[in-house]
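A.B. asks: curious how this folds, go ahead:
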Amino acid sequence: MHANRRSFLRLIPAAAGMLRLRAADMIIRSTRPEDFEMPLDGFATWITPVERFFIRTHVYTPKVEASQWQLRIEGKVATSLTLSLSELREFPRAELVSVLECAGNGRGFYQPTVAGLQWATGAVGNARWSGVRLADVLKKSGYSPSAKEVLFNGADVPLGTMPDFIRGIPLEKATHPDTLLAFEMNGQPLTPSHGFPLRVVAPGWAGDSWVKWLTTIEVRASGTNSCAGRRSGSSRHDARNFASSQGGHRQPCGAADGSARLREGARRGVVWRIAGQERGGVDR
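C.D. replies: Predicted coordinates:
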């Protein structure tokens with residue numbers, strides 16, 4: 001009888017592992033909020049299918065009605081804008097292929113253990129993003145010459161005492177032609193889990209800068225640290241800024257666990273190799 005009990009207990013970890021896989025063989029780190037990791041065999045394709053693309057959410061996925069959704073552009077601008085999805089689509093279309101990686105990717109391998117979601121290798125994916133250039137939208141608003149930073153906020157609602165999830169990037173990055181407001185992923189409208197109807201695409205920056213369910217863009221004159229300790233946008237995981245060894249370039253927030261080298265490679269257009277698959281920063 002004791003032997004049978006021991007045999008049963010040995011089966012529990014294997015059974016738990018099976019429960020962590022969904023139909024598309026994603027590793028389930030959390031079901032609500034959704035945190036799904038791509039298994040290692042997902043690196044076999046250059047473009048990661050949407051159903052295999054990792055999902056990272058700090059809160060519950062908001063329900064957004066496209067017919068009622070609006071994007072506000074405000075702050076240090078000559079004209080505050082309110083755009084519907086159809087009005088946004090009137091801007092020139094832009095498309096690129098870029099890697100998206102959670103700043104905590106690989107955290108599960110750290111010794112000593114680092115607090116936060118224990119990702120292995122699959123909090124990263126490569127997709128074709130389509131939308132409009134953020135620079136074109138900002139130009140239409142007539143942003144101030146004194147502008148230094150652009151903040152993003154989405155439709156997601158904080159849980160409990162969480163601060164609102166706001167992220168910022170320097171104006172120089174916001175006006176780069178590769179920085180997009182994307183409404184499509186791999187040729188299809190964004191799914192709710194990936195930010196429907198609109199998300200930021202900031203190649204070379206960590207995933208927390210790729211704000212989902214985007215509703216508000218604020219142009220600011222101050223270049224404040226929008227991730228570490230700001231009441232409106234402090235990080236929900238261990239976040240800090242990284243400076244590149246190449247000229248002190250400010251790296252994105254949330255890079256507490258060492259994926260900075262991958263983002264630096266993406267920023268410089270370097271090709272790197274993951275699980276035998278070569279991947280680059282940006283490709284049109």
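A.B. asks: and Ser141, how far is that from Asp178?
C.D. replies: 20 Å (Cβ to Cβ, to the nearest Å). In short, each C-beta sits where N, CA and C put it, glycine included.
A.B. asks: return the residues in contact with Gly142.
C.D. replies: When contacts are counted by Cβ atoms under 8 Å, 6 or more residues apart in numbering, Gly142 is found next to 77-79.
A.B. asks: may I have the phi/psi pair for it?
C.D. replies: Main-chain torsions, Gly142, degrees, to the nearest 10: phi 70, psi 60.
A.B. asks: which residue packs closest to it, ignoring adjacent ones?
C.D. replies: Among residues not flanking Gly142 along the chain, Ala78 sits closest, at 3.1 Å (Cβ to Cβ, 6 or more residues apart in numbering).
A.B. asks: distance of that neighbour from Glu172?
C.D. replies: For Ala78 relative to Glu172 (Cβ to Cβ), the value is 20 Å.
A.B. asks: now the strands for the stretch 151-284 of the chain?
C.D. replies: 166-170, 180-185, 188-189, 199-201, 214-220, 272-274, 277-279, 282-283 (DSSP state E, counting those that start in this stretch).
A.B. asks: the fourth one pairs with which strands?
C.D. replies: What it means is strand 199-201. Sheet pairing of strand 199-201 (DSSP bridges) gives strand 180-185 (antiparallel).
A.B. asks: now the first one
C.D. replies: Strands that pair with strand 166-170, judged by DSSP bridges, come out as strand 149-154 (antiparallel).
A.B. asks: could you do the third one as well?
C.D. replies: Strand 188-189 has these partner strands in its sheet, going by DSSP bridges: strand 180-185 (antiparallel).
A.B. asks: of all the residues in the partner strand, which ones are buried?
C.D. replies: 180-183, 185 (16 or more other Cβ atoms under 10 Å).
A.B. asks: if we can go back for a sec, pick the most deeply packed of the strands of the stretch 151-284 of the chain.
C.D. replies: Sort these by mean neighbour count, taking mean count of other Cβ atoms under 10 Å, and strand 199-201 sits at the top with a mean of 25.
A.B. asks: can I get the buried ones among the contacts of Gly142 as something I can paste into ChimeraX?
C.D. replies: Only the buried members of the contacts of Gly142 end up in this ChimeraX selection, burial being decided by 16+ other Cβ under 10 Å:
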select :77
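A.B. asks: closest one to Val124 out of the contacts of Gly142, please.
C.D. replies: Closest approach to Val124 among the contacts of Gly142 (Cβ to Cβ): Val77, at 34.1 Å.
A.B. asks: phi, psi of the closest residue to that closest one other than its chain neighbours?
C.D. replies: Spatially, and ignoring its direct neighbours in sequence, Val77 is nearest to Ser141 (4.0 Å; Cβ to Cβ, 6+ apart). Per-residue torsions, Ser141: phi -80, psi -20 (degrees, to the nearest 10).
A.B. asks: now do the residue nearest to Gly142, the pLDDT please.
C.D. replies: Looking at Ala78, its pLDDT stands at 97.
A.B. asks: let's verify Phe43: helix, strand, or coil?
C.D. replies: helix (DSSP: H, G, I helix; E, B strand; the rest coil).
A.B. asks: read off the pLDDT value for it.
C.D. replies: Reported pLDDT for Phe43: 93.
A.B. asks: give me the neighbour count for it.
C.D. replies: 21 (other Cβ atoms under 10 Å).
A.B. asks: next one: it from Thr121, what distance?
C.D. replies: The separation that Phe43 has from Thr121, given Cβ to Cβ, amounts to 8 Å.
A.B. asks: likewise Val64?
C.D. replies: 31 Å.
A.B. asks: Trp69 too?
C.D. replies: 34 Å.
A.B. asks: go on, Tyr110?
C.D. replies: Where Thr121 is concerned, Tyr110 sits at a distance of 13 Å (Cβ to Cβ).
A.B. asks: where exactly do the helices run in this protein?
C.D. replies: 2-19, 85-88, 134-141, 171-174, 260-267 (DSSP state H).
A.B. asks: Gly106: which of the contacts of Gly142 is nearest?
C.D. replies: Nearest member of the contacts of Gly142 to Gly106, counting by Cβ to Cβ, is Val77, at 38.8 Å.
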